[in-house]
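Peer 1: Test case, fold it:
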Amino acid sequence: MDVRPLELGLDTFGDISRGPDGSLLSDAQTIRNVVDQAVLADQVGVSFFGVGEHHRKDFAVTSPEIVLAAAAARTRDIHLGTAVTVLSSDDPVRVYERFATLDAVSHGRAEVILGRGSFIESFPLFGYDLADYEVLFEEKLELFSLLLQERPVTWSGRTRPALQDADVYPKTENGLKAWVGVGGSPESVVRTARYGYGLVLAIIGGSAARFRPYADLYRRSLTELGKPQMPISVHSPGHVAATDEQAWEEAYEGVAELNNTIGRERGWPEYNRLRFQHDVGPEGSMYVGSPETVARKIAATVRALGNSRFQLKMASGSISHDHLLSSIELYGTQVRPLVHDMLADAPVAR
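Peer 2: Got it, this is the predicted structure:
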């Protein structure tokens, strides 16, 4: 049984936001703002701060480890990781080396969340064939699991040169915490268990309770494989303000803008207020509202899934830096204690 205490974290993709005059900020200023957001998250007691990797104009961060290293120099307690590292279009050895280095400069606070990502821009950018989409991730995930053991590695596959008794440095002091981000495929859940990674369920549509079969499958797979129970986290979008109405107004424009930008590429219907109100409601995947509303929805998710971490993906679209800072402060100072109080006497699924 997983009895880890609940951690509340934050994720950001470094969405390009707007300044006071309504114009889009530069990539450089957006990245500096992300570091400031991590600093505030640490100050208000948030457990984890994740930074995504993207290679398109909507998001400023392409090298999250560098942003996280800057945050590590200005923070003390918060764990720092990715959301996600696109392992398929990267090299596992270099990923390990970068995160082991981040672990050193952060005094053991580095984590890596590996995934295929929800965008494919990195594949042509770095010379990978989308026809190899599945084998790239499978092989590289296997190799990374071996590198995490921090012993000489012998490995061969189709997607990179073979290794023979290769030792990789730097070594960490206490090991590197690693997860896999999964969007809802049973095969991905079982694979995550097989290689012994923590599981991050990316729930960006519908009710979190729909994902209970995946949480159960993951725990059952670990047991059947003879592996210890590992943590489950949930990643979902959200925003906190003083009232529900204020949070909805602050979040809507950016959410709609981002959905419509991506939707034009993928053939989605135009986003609208009606869909937004469903998404922020009890059956939707967005945690947008007052501290009590957001805390109540997080607590319901934990009761349903038994996850030991919840990662609120903030900054959907062009919401302002000032609104994000306010949301972070409310999340750490009000949502976090409310969630713990709500779960104190309530049964949690494990």
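Peer 1: going forward, measure contacts and count neighbours with C-alpha atoms only.
Peer 2: OK.
Peer 1: Skipping adjacent residues, who's closest to the residue nearest to the spatial centre of the chain in space?
Peer 2: The residue lying closest to the centre of the chain (Cα atoms, centre = their mean) is residue 83, at 3.4 Å. Leaving aside its sequence neighbours, residue 83 sits nearest to residue 52 (Cα to Cα, 6 or more residues apart in numbering; 4.2 Å).
Peer 1: hang on, the one you found packs against residue 80?
Peer 2: No - checked against Cα atoms under 8 Å, the pair residue 52 and residue 80 is beyond contact range at 11.3 Å.
Peer 1: quick one: which of the two has more around it?
Peer 2: residue 80 (31 against 25; other Cα atoms under 10 Å).
Peer 1: Let's verify that one: helix, strand, or coil?
Peer 2: strand (DSSP: H, G, I helix; E, B strand; the rest coil).
Peer 1: how close does residue 301 sit to residue 282?
Peer 2: 10 Å (Cα to Cα, to the nearest Å).
Peer 1: So between those two, which is more surrounded?
Peer 2: For the pair residue 301 and residue 282, the greater number of neighbours falls to residue 301 (21 against 17), based on other Cα under 10 Å.
Peer 1: Report pLDDT for that one.
Peer 2: If you check residue 301, the pLDDT there is 98.
Peer 1: so what's it up against?
Peer 2: Residue 301 makes contact with 208, 209, 307, according to Cα atoms under 8 Å, 6 or more residues apart in numbering.
Peer 1: switch to 7 Å and redo it
Peer 2: Counting by Cα atoms under 7 Å, 6 or more residues apart in numbering, residue 301 touches 208, 209.
Peer 1: Spell out, range by range, the helices that occur in the chain.
Peer 2: Shown for the chain, the helices assigned by DSSP state H span residues 27-43, 64-72, 92-105, 122-125, 133-147, 186-194, 212-224, 244-266, 273-279, 291-305, 321-330, 336-344.
Peer 1: Okay, now the unreliable bits of this structure?
Peer 2: Residues of the chain that meet the criterion pLDDT under 70 lie in 1-4, 346-350.
Peer 1: So which other helices or strands are in contact with the longest strand belonging to it?
Peer 2: Identified as the longest strand of the chain according to DSSP state E is strand 232-240. Strand 232-240 makes packing contacts with strand 198-202, helix 244-266, strand 287-289, strand 309-313, helix 321-330 when contacts are defined by 3 or more Cα pairs under 7 Å, 6 or more residues apart in numbering; DSSP states H and E.
Peer 1: Would you tell me which of these gets closest to residue 192?
Peer 2: Between residue 192 and the helices and strands packed on strand 232-240, the tightest spacing by Cα to Cα is seen for strand 198-202, at 6.7 Å.
Peer 1: who touches that closest one?
Peer 2: With contacts defined as Cα under 7 Å, 6+ apart, strand 198-202 is touched by 178-183, 192, 230-236.
Peer 1: do the same with stretch 6-21
Peer 2: Here stretch 6-21 has contacts from 24-25, 27, 30-31, 34, 46-53, 58-61, 83, 308-321, 336, using Cα under 7 Å, 6+ apart.
Peer 1: Repeat that for stretch 67-80.
Peer 2: 35, 38-39, 42, 46-50, 102, 105-106, 109-111.
Peer 1: From residue 313, how far off is residue 9?
Peer 2: According to Cα to Cα, residue 9 and residue 313 sit 9 Å apart.
Peer 1: Revised request: answer the last question for residue 151.
Peer 2: Distance from residue 151 to residue 313, by Cα to Cα: 35 Å.
Peer 1: what sits against residue 178?
Peer 2: Neighbours of residue 178 in contact, by Cα under 7 Å, 6+ apart: 111, 112, 113, 197, 198.
Peer 1: Pretty sure the first one sits against residue 180.
Peer 2: No - judged on Cα atoms under 7 Å, residue 111 makes no contact with residue 180 at a distance of 10.9 Å.
Peer 1: more crowded one of these two?
Peer 2: Using other Cα under 10 Å, the more surrounded residue of residue 111 and residue 180 is residue 180, with 29 against 23.
Peer 1: Just grab the bridge partners of that one for me.
Peer 2: For residue 180, the beta-bridge partners under DSSP bridges are residue 114, residue 199.
Peer 1: Residue 234 versus that one, what's the distance?
Peer 2: 11 Å.
Peer 1: got it, and residue 121?
Peer 2: Counting by Cα to Cα, the gap from residue 121 to residue 234 is 25 Å.
Peer 1: Show me which of these two is the more surrounded one.
Peer 2: residue 234 (28 against 13).
Peer 1: so that one touches residue 310, yeah?
Peer 2: Yes - in this structure, residue 234 is within contact of residue 310 by Cα under 7 Å, at 4.9 Å.
Peer 1: For residue 284, give me its contacts.
Peer 2: 205, 206, 207, 278.
Peer 1: Identify, from these, the entry nearest to residue 258.
Peer 2: Using Cα to Cα, the contacts of residue 284 come closest to residue 258 at residue 205, 14.8 Å.
Peer 1: Next, the contact list for the closest one, please.
Peer 2: Residue 205 neighbours (Cα under 7 Å, 6+ apart): 284, 285.
Peer 1: what about residue 15, how many neighbours?
Peer 2: Counted with other Cα under 10 Å, residue 15 comes out at 27.
Peer 1: which residue packs closest to it, ignoring adjacent ones?
Peer 2: Per Cα to Cα, 6+ apart, closest to residue 15 is residue 59, 4.4 Å.
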